[in-house]
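Novice: missing the sequence, but the structure's below:
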């Protein structure tokens, strides 16, 4: 049975800043899935997500060494903010945000273990719904897409989302509301039936 590391993030940060490089490895191991998933859900390209993930931790290491991390009990939020800024930088450089396609990734982003006990027909329906949900999210404006991903796939609270994106909680809630309104409009326009989950 694997031993659970109960050392707090901030203790590990302190250990790293005092020369214990294994502390950083433990931090990365603890949070890598959540951070990588966040990046991948936004950029929808596995190779690009891997590059941004690596760049994120290069920046984390630099920032820690320069003393730019202020302990606030939310190391993961700080790292996600760095990843978010690198994603924005990438989009600014590329100027082609709408050209990225989920087809470039080998990972089914909306796959879920809860589908494993279903019949073939149920799996086909679930797969179709997942594809349609992906398509709907892809068509949202970036800010709305971001709040949907942070809330429903990364699992952040609206307070954490507002910290992450640098806007008020009300703005985050408003973006979610508009995302849902826009998704409903798209469902009607495309005559979709998202039932069977």
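Specialist: Yes, it's here. Worth saying up front: this structure is predicted, and the values here are computed from it rather than measured.
Novice: Which parts of the chain belong to which domain?
Specialist: 1-107, 109-197 (automatic domain parsing).
Novice: Among those, show the one with the smallest mean pLDDT.
Specialist: Lowest mean pLDDT of the domains of the chain: domain 109-197, a mean of 76.
Novice: Dump the domains of the chain into TSV; add mean neighbour count as well.
Specialist: Bear in mind the C-beta positions are built from the backbone N, C-alpha and C, glycine included. Shown next, in TSV, are the domains of the chain (neighbours: other C-beta atoms under 10 Å):
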stretch	mean neighbour count
domain 1-107	15
domain 109-197	15
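Novice: contacting residues for residue 77?
Specialist: Going by C-beta atoms under 8 Å, 6 or more residues apart in numbering, residue 77 touches 156, 160, 163, 164.
Novice: Tell me which residue is most central in this protein.
Specialist: Taking C-alpha atoms, centre = their mean, the centroid of the chain lies closest to residue 38, which sits 1.6 Å from it.
Novice: Distance check, it against residue 76.
Specialist: The gap separating residue 38 from residue 76 is 10 Å, by C-beta to C-beta, to the nearest Å.
Novice: Over to residue 176?
Specialist: Separation of residue 176 from residue 76 (C-beta to C-beta) stands at 21 Å.
Novice: likewise residue 43?
Specialist: Taking C-beta to C-beta, one finds residue 43 at 19 Å from residue 76.
Novice: swap in residue 19?
Specialist: 23 Å.
Novice: Repeat that for residue 161.
Specialist: On the measure of C-beta to C-beta, residue 161 and residue 76 end up 13 Å apart.
Novice: same thing with residue 154?
Specialist: Taking C-beta to C-beta, one finds residue 154 at 9 Å from residue 76.
Novice: overlap in contacts of these two?
Specialist: Common neighbours of residue 154 and residue 76 (C-beta under 8 Å, 6+ apart) are residue 34.
Novice: just to revisit the earlier point, host element of the residue nearest to the centre of the chain?
Specialist: Assigned by DSSP states H and E, residue 38 falls within helix 21-43.
Novice: Please enumerate the helices of this structure.
Specialist: Assigned by DSSP state H, the helices in the chain fall at 9-17, 21-43, 46-65, 75-94, 120-138, 142-152, 158-165, 169-189.
Novice: Need the residues that contact the longest one.
Specialist: Translated: helix 21-43. Under C-beta under 8 Å, 6+ apart, the answer for helix 21-43 is 5, 7, 9, 12-13, 15-16, 46, 49-50, 52-53, 56-57, 61, 64, 75-76, 79-80, 83, 87, 90, 100, 105, 107, 109, 145-146, 149-150, 153-154.
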